[in-house]
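Need a 3D model of the sequence below.
(2 chains, ligands or ions: 2)
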Amino acid sequence: MKNLDELRKIRDEVRKGLELRSGTHRAKIVVGMGTCGIAAGARDTMKALMDALEKAGVSDVAVTATGCAGFCEREPLVDVEITGQAPVRYGKVDVAAASRIVKEHVLGGKKVESLVFG
Amino acid sequence: MKDISLHLLDIIENSAKAGAARVQIDFERAGTRFEMWVRDNGPGLPPSVSGNPDDPFVTTRADRKVGLGLAMLRRAAERTGGRMDVDSAPGRGVTVHAAFDLGHIDAQPIGAIDEALAAAISSWPGLDFEVRIGPERRVVFDSRAVKKELNGIDFSNPQVHKFLSFSLREELAPLGLAAGPLPDVS
Ligand SMILES: Nc1ncnc2c1ncn2[C@@H]1O[C@H](COP(=O)(O)OP(=O)(O)O)[C@@H](O)[C@H]1O
Ligand SMILES: [Mg+2]
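Numbering: from 1, shown residues only, chains lettered A, B, ... in the order given. Ligands and ions are numbered 1, 2, ... in the order given. Presented below is the predicted three-dimensional model:
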């Protein structure tokens, strides 16, 4: 496998970013990655979330996945869990919605009301 | 599913859900023939399922009485004149194999296999991935090697995710399995 030097560089940068926050994460974003989520576009949603965070140079937000939540018609579902705040669930999160959620909610601190699920 | 790469992601989800520790994913492409194998080391198919795992009315999901993933993959493969088989023995995991004729008029596009794998690796960070290509099964990606270098930093990190997409694309693009051309790194 190639690129291991590149990987070490990334590791050191990420570690520096995390050290600034004494190792804690500012937020966790969870994408519904069950069959319905995947069919509805969850893979591209996750990529859009990752891209928006990476471009903003953010390394203390984790993006991960969960299984089917039973709301298949509202997929892709995305939960934003900002440390110390109640989690917020968004529905039908396409690529455009994903970058809005990162910009306005995760980085800007303001919920995107029009996309909130429920 | 709109392309084969999304079926792949969904099949890997089964392995993650079953609690496998490791998946080995193989690709072969020659002419218009495309084959993939997803092999895990999980518990294997439960007895209630093992006779007909891709019957849509057979699932161990508690919340819904249909399981569609394997059925959809079978349809997608057979529509092209190809096939899908599931091989499993208790305690020896599950292997899903699918073969497609990409030249068939009903074939779905392959899609972005690189992005599907990068998403899977970030989605299920507890699962180890090995990706191999060609009949000689050359290893092009091993998540354990990456994990070791990362030394505690997670696959759910956005910078790490970008690295994963990038290195998978580099390896899979020559087989026509990646999203697009290699990004310009200058
Ligand atoms: N890798 C695997 N390991 C163990 N069991 C599996 C695996 N893949 C599929 N199964 C079993 O087959 C069933 C049908 O799978 P699938 O068609 O993907 O539908 P679903 O995942 O929605 O249940 C699952 O509910 C599970 O019991
Ligand atoms: Mg499934």
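
now the residue in chain A that chain B sits nearest to, which residues is it bridged with?
Distances between chain A and chain B by Cβ to the nearest Cβ are smallest at A:Ala65, namely 3.4 Å. Yep, even glycine has a C-beta here, placed from its N, CA and C like the rest. Note on A:Ala65: beta-bridge partners by DSSP bridges are A:Val31.

and what of A:Val78?
Beta-bridge partners, per DSSP bridges, of A:Val78: A:Val31, A:Tyr90.

for the one 4 residues further on, same thing?
Residues found in beta-bridge contact with A:Ile82 (criterion: DSSP bridges) are A:Ala27.

So for it, what's the pLDDT?
For A:Ile82, the pLDDT comes out at 95.

Go ahead and confirm the residue of chain A closest to chain B touches A:Ile29.
No - the pair A:Ala65 / A:Ile29 is not scored as a contact, 9.8 Å apart, by Cβ atoms under 8 Å.

if I pick residue 40, what's in contact with it?
Because you didn't say which chain, this covers chain A. Shown in contact with A:Ala40 (Cβ atoms under 8 Å, 6 or more residues apart in numbering or on different chains): A:72, A:75-76, A:92.

that's the wrong chain, I wanted chain B
B:Asp40 neighbours (Cβ under 8 Å, 6+ apart): B:15, B:18, B:20, B:22-24, B:93-95.

Of the residues you listed, which are in range of ligand 1?
Applying Cβ under 6 Å from any ligand atom, the subset of those adjacent to ligand 1 comprises B:15, B:18, B:94.

quick one: is the worst-scoring helix or strand of chain B on mean pLDDT near chain A?
The weakest-scoring helix or strand in chain B, judged by mean pLDDT, DSSP states H and E, is helix B:47-50 (a mean of 76). No - using Cβ under 8 Å from any Cβ of the partner chain, helix B:47-50 stays clear of chain A, coming no nearer than 15.4 Å.

quick one, longest helix in chain A?
helix A:4-20 (DSSP state H).

Not counting its own residues, what contacts stretch B:78-98?
Residues contacting stretch B:78-98 (Cβ under 8 Å, 6+ apart): B:4, B:7, B:11, B:14-15, B:18, B:20, B:35-45, B:47, B:50, B:53-54, B:70, B:73-74, B:76-77, B:99-102, B:104, B:106-107.

if you set the cut-off to 6 Å instead, what comes out?
B:11, B:36-42, B:44-45, B:53, B:73-74, B:77, B:99-101, B:104, B:106-107 (Cβ atoms under 6 Å, 6 or more residues apart in numbering or on different chains).

Buried ones from the residues you listed, can you make that a ChimeraX selection?
Here is the ChimeraX command that picks out the buried ones among the contacts of stretch B:78-98, judged by 16 or more other Cβ atoms under 10 Å in any protein chain shown:
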select /B:11,36,37,38,39,40,41,42,44,45,53,73,74,77,99,100,101,107
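
List the ones among the contacts of stretch B:78-98 that fall in helices.
Among the contacts of stretch B:78-98, the residues falling in helices (DSSP H) are B:11, B:73-74, B:77.

which stretches of chain B have low pLDDT?
B:51, B:53-67, B:180-186 (pLDDT under 70).

Can you list the residue ranges for strands in it?
Ranges of strands within chain B are B:22-30, B:33-40, B:83-88, B:94-101, B:128-133, B:138-142, based on DSSP state E.

how about JSON lines for these, with distance to A:Lys110 added?
Output for the strands of chain B, formatted as JSON lines (distance: least, Cβ to Cβ, whole Å):
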{"stretch": "strand B:22-30", "distance to A:Lys110": "39"}
{"stretch": "strand B:33-40", "distance to A:Lys110": "41"}
{"stretch": "strand B:83-88", "distance to A:Lys110": "47"}
{"stretch": "strand B:94-101", "distance to A:Lys110": "44"}
{"stretch": "strand B:128-133", "distance to A:Lys110": "37"}
{"stretch": "strand B:138-142", "distance to A:Lys110": "39"}
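
List of residues touching the one helix or strand A:Ala52 maps to?
Assessed by DSSP states H and E, A:Ala52 sits inside helix A:42-55. With contacts defined as Cβ under 6 Å, 6+ apart, helix A:42-55 is touched by A:29, A:31-33, A:61, A:63, A:76, A:93, A:95, A:98-99, A:102, B:9, B:119, B:158-159, B:161-162.

try it again with 7 Å
The contact list for helix A:42-55 (Cβ atoms under 7 Å, 6 or more residues apart in numbering or on different chains) reads A:29, A:31-33, A:61, A:63, A:75-76, A:78, A:93-95, A:98-99, A:102-103, B:6, B:9, B:115-116, B:119, B:122, B:158-159, B:161-162.

And the closest residue to B:Phe163 other than its chain neighbours, how close does it get to A:Ala62?
Spatially, and ignoring its direct neighbours in sequence, B:Phe163 is nearest to A:Ile10 (5.5 Å; Cβ to Cβ, 6 or more residues apart in numbering or on different chains). Going from A:Ile10 to A:Ala62 by Cβ to Cβ, to the nearest Å gives 15 Å.
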